[in-house]
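Visitor: need coordinates for the following:
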Amino acid sequence: MSRLIAAVAIVVALAPVADAHDIGVTQAVATFHSDGRYQIEISVDPDALLTRLELTSGVTMSASLTSDERDRRIDALRDTFLEEARVIVDGRVQEPEFQYKPAPPAVNLQAPSTVTLSGRTGPDPIAWTFEYEFAMGWFQVETRAPGGSARANWIEGGKLSPPMSIADHLLPGGTKYPKRRAEQADRAEQAPPLQVRVRSVVGPVVLLGIVAITRRGRGRNRSYRFGIVQK
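Guide: Predicted coordinates for the structure are as follows:
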């Protein structure tokens, strides 16, 4: 019986961490620029965030704070936040700056606050991954590319996301497909078959030559399309 009471006490103590208010609040919008700058704006429930920051850092839990005191407390625990939010761009772990912006007062007591992570990576970024420990379940991440396009992904809190595309022509695994190669591939698909006119006397010889050419082309990961017009 004593064990059951202890278990119930632990669940009650951690109940604020699973506050239903936080479900659906967390969202992120990542904006990348061609010169390498980026900003990741994360919408958060300030009360739930403070509880998790304090639990993670191991400090004494706050009680009966005003909204201003709560916001200052969150800002003071910025290092803990940065340890639990991983940003990786093109395989390089980032060290972003932290900025906390509370919801405007008297607008809506349930309005979320915003945490902005900003930094600079290499020019023309290709893909990024994100791990955020303070979200429950799945939440939406919108990635805005330098050219203005936007993509939405759903990722799971507490786990490193799959690569999310920043640039066009992205292959699986976050590898950039060069635009020039893409255009060449498109032209190759649209090109008409090559026609070779031969006389019936030399037909077998020419056909053997074509087979040889095709094999050499395959060795270089290329394909050729031939059509034989016999006259």
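
Visitor: this structure - how does it break down into domains?
Guide: Following automatic domain parsing, the chain resolves into domains at 19-176, 192-230.

Visitor: for the last one, give the mean pLDDT please.
Guide: Taken as a whole, domain 192-230 has a mean pLDDT of 40.

Visitor: repeat that for stretch 55-66.
Guide: The average pLDDT within stretch 55-66 is 92.

Visitor: okay, helices next: where are they in the protein?
Guide: Ranges of helices in the chain, per DSSP state H, are 2-13, 46-57, 67-76, 78-83, 179-190, 203-219.

Visitor: measure Phe139 to Gly122 for me?
Guide: Counting by CB to CB, to the nearest Å, the gap from Phe139 to Gly122 is 27 Å. From N, CA and C alone the C-beta is placed, and that goes for glycine too.

Visitor: try Pro146
Guide: Separation of Pro146 from Gly122 (CB to CB): 12 Å.

Visitor: ok, these two, which is more surrounded?
Guide: Pro146 (18 against 11; other CB atoms under 10 Å).

Visitor: remind me which residues of this structure are low pLDDT?
Guide: Where the chain drops to pLDDT under 70, the residues are 1-24, 106-110, 168-231.

Visitor: return the most buried member of the domains of the chain.
Guide: Per-stretch averages of neighbours, counted by mean count of other CB atoms under 10 Å, single out domain 19-176 among the domains of the chain, with a mean of 16.

Visitor: can you give me the strands for the protein?
Guide: Secondary structure of the chain by DSSP state E: the strands cover 27-32, 37-44, 85-89, 92-93, 97-101, 113-120, 127-132, 138-144, 150-156, 164-165, 170-171, 175-176, 194-198, 226-230.

Visitor: let me have those strands in JSON lines, extended by distance to Asp71.
Guide: Below are the strands of the chain laid out as JSON lines (distance: least, CB to CB, whole Å):
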{"stretch": "strand 27-32", "distance to Asp71": "19"}
{"stretch": "strand 37-44", "distance to Asp71": "11"}
{"stretch": "strand 85-89", "distance to Asp71": "18"}
{"stretch": "strand 92-93", "distance to Asp71": "28"}
{"stretch": "strand 97-101", "distance to Asp71": "7"}
{"stretch": "strand 113-120", "distance to Asp71": "7"}
{"stretch": "strand 127-132", "distance to Asp71": "20"}
{"stretch": "strand 138-144", "distance to Asp71": "22"}
{"stretch": "strand 150-156", "distance to Asp71": "26"}
{"stretch": "strand 164-165", "distance to Asp71": "30"}
{"stretch": "strand 170-171", "distance to Asp71": "38"}
{"stretch": "strand 175-176", "distance to Asp71": "41"}
{"stretch": "strand 194-198", "distance to Asp71": "70"}
{"stretch": "strand 226-230", "distance to Asp71": "71"}
